[in-house]
Structure formats: structure tokens, C-alpha cells
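Visitor: I would like the atomic coordinates for the input below:
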Amino acid sequence: MSALLESIDGRGVATLTLNRPERHNAFDDALIAAMTAALKRLDGESGVRAVVLESFGASFCAGADIAWMKRAAEDSFEANAADAGALAELMQRLDLLSKPTLCLVQGPALGGGVGLVACCDIAIASERAAFRLSETRLGLIPAVVGPYVIRAIGARQARRYFLTAESISAKRAKEIGLVHETVTDGALGTERNKLIEALLSGAPGAQAEAKALISTCQGRPIEAGLIQETARRIAVRRASPEGREGLSAFLEKRAPAWCRDLDGRNVS
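Guide: Take a look at the predicted model:
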């Protein structure tokens, strides 16, 4: 059976499901390659409105597969650099995806699994989920996922959890900004549906540009150049087909065109 399952529903919601429950959905080179290829393909499909990342089994993602790590320990520097580069490409592609991304964490996430969570736009965790950046206990560092996790939780929290490799509860993960919400295990599906409905109410082009705007603004001082750039962007949006449709729909008290699924039903 495939280690990665993919489906797209009639509304254009794509779901990628990690399917190695017997290995706690741990990464190996094959799974990394499959995820990267799937994200690249979905990013280019205009009919895809959002991407959901979830897992089968007790664990969300246990990071690197033990057998893969054992092989890596015996490989050359060049081979390890290639493996790390492949994982880095996966994280970057997930982080920069033009579609909204939603991560559902139903169980433990370790190492690279924490990176997946940090790269998604929205992350929801079951109360039984737990997170750990365990690399230092193995003589390693969370290098590839580090930039995304630090952005999510801040350098101060990273100084603690990168060094101690403590387990982070779902409640604590929410407190430090790694996930947005925690829910009971039984409510994860309900929260999924609620957030998908909210995402589908937005214009797809505007959502892609909103994500790009965040990247542009992050870490920059609010000075003349940034102010001019943001003014330019909203002017372009107002004159865009989506911008005109959104304003017309508001004035006419109707749902905009993007709030209809393939069967023509209102999803707003």
C-alpha cells in the first residue's frame, strides 16, 4: 500500500494522508519524494482550493525512519547532504505552497513531523498529540526544520525545546504558537470541516497573494518602501477580476463566484 494517500473532493479540497502507521508515519527517502511530488503537482492545479495534511494511525509523524537514519549514519557526507536537501525541499515547498494548508495532528509528532506542522498555514492538534524536537538526544540538530519551527514559536522557546528535547503537550504547543487550536480527539473532524468551509469562502487568488504578503512583510521594518509596496498590492487587487467580483457580490447581497463548489451549491 502507498505510504502517501491523495484525494481531491468535489470542492477542490486535496487531502494528503501519511500512511505508514506501522512505522509511526516516519519519513524515508521514498515518502519525502512522494510528498514533494504531490505538493508540486497540487500547487499547479487551478481547481485545488486547499490542501489538508493528516495521518493514519496512532502517530502523526515520528520524524526520520530508524532504518533510514541507520543507513545515513554509514553514508558519505555527499549522500547525507543529498538526503537533507530533499527534506529541505519538501519543507520549503509546503511552506511556500500557494494554496491554503491545514495540518491535523492526531498523535505524536517528532523532529521532521514538527517541521511539517510549522510549515502549514493552520495547525490543529488533538489533545492527545505531543511534540518533540528530539535531535540533540541523538547527537543531531533540528537544522532543516529549524527555520520554520523558530518562526512559529520564537527563538526564546526554541532555545529551550531544541536543547532539552522535552515533550511538548498539545496545550503547551498552543501556548507557544506551534498550533492554533487543540480539540478533543473526537472533535478533530468537526474542526477540520469548519476550517475548510472558512477557507473556501475566500477568493483563491487573494489567498495566495495574502500568503505572499505575509512573507514580504515578515521581519521588515514598516518604512516607506514597504508602505508603497502594500499600497501597490491592494490597488492591483481592487482592479482584479476577483476584487471586482467580491465587491459586486457584496453590494448585490449574493455569494461571490468562488463560494460555489462544482455542483453550484453555495459553500459560504
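Visitor: how distant is the helix or strand bottoming out on mean pLDDT in the chain from the center of its chain?
Guide: One helix or strand of the chain scores below all others by mean pLDDT, DSSP states H and E: helix 66-74, with a mean of 79. Here helix 66-74 is found 26 Å from its chain centre; the criterion is C-alpha atoms, centre = their mean, to the nearest Å.
Visitor: mind listing the helices in the stretch 101-250 of the chain by residue range?
Guide: Using DSSP state H, counting those that start in this stretch, the helices of the stretch 101-250 of the chain run over residues 112-119, 146-164, 170-175, 188-200, 204-217, 224-238, 241-251.
Visitor: In TSV: the ones you listed, plus distance to D95.
Guide: To be clear about C-beta, it is placed using only N, CA and C from the backbone, and glycine gets the same treatment. TSV is the format used below for the helices of the stretch 101-250 of the chain (distance: least, C-beta to C-beta, whole Å):
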stretch	distance to D95
helix 112-119	4
helix 146-164	6
helix 170-175	18
helix 188-200	17
helix 204-217	9
helix 224-238	20
helix 241-251	24
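Visitor: Pick the most deeply packed of those.
Guide: Greatest average neighbour count among the helices of the stretch 101-250 of the chain goes to helix 112-119 (a mean of 27), per mean count of other C-beta atoms under 10 Å.
Visitor: Next, the angle from that one to helix 146-164.
Guide: Relative orientation of helix 112-119 versus helix 146-164 (axes from the mean of the first three to the mean of the last three C-alpha atoms, to 10 degrees): 130 degrees.
Visitor: and helix 112-119, what other elements does it pack with?
Guide: If you count contacts as 3 or more C-beta pairs under 8 Å, 6 or more residues apart in numbering; DSSP states H and E, helix 112-119 packs onto helix 77-96, strand 101-105, strand 130-132, helix 146-164.
Visitor: can you tell me the average pLDDT over it?
Guide: Helix 112-119 shows a mean pLDDT of 98 in the predicted model.
Visitor: Would you map out the domains in the chain?
Guide: If you go by automatic domain parsing, the domain ranges for the chain are 4-199, 203-259.
Visitor: end-to-end on the first one?
Guide: Domain 4-199 has an end-to-end distance of 24 Å (criterion: C-alpha to C-alpha, to the nearest Å).
Visitor: Over to stretch 15-33?
Guide: Taking C-alpha to C-alpha as the criterion, the two ends of stretch 15-33 lie 17 Å apart.
Visitor: Give me the residues contacting that stretch.
Guide: If you take C-beta atoms under 8 Å, 6 or more residues apart in numbering as the criterion, stretch 15-33 is touched by 1-9, 35, 38-39, 51-68, 83, 86-87, 90, 108, 112-113.
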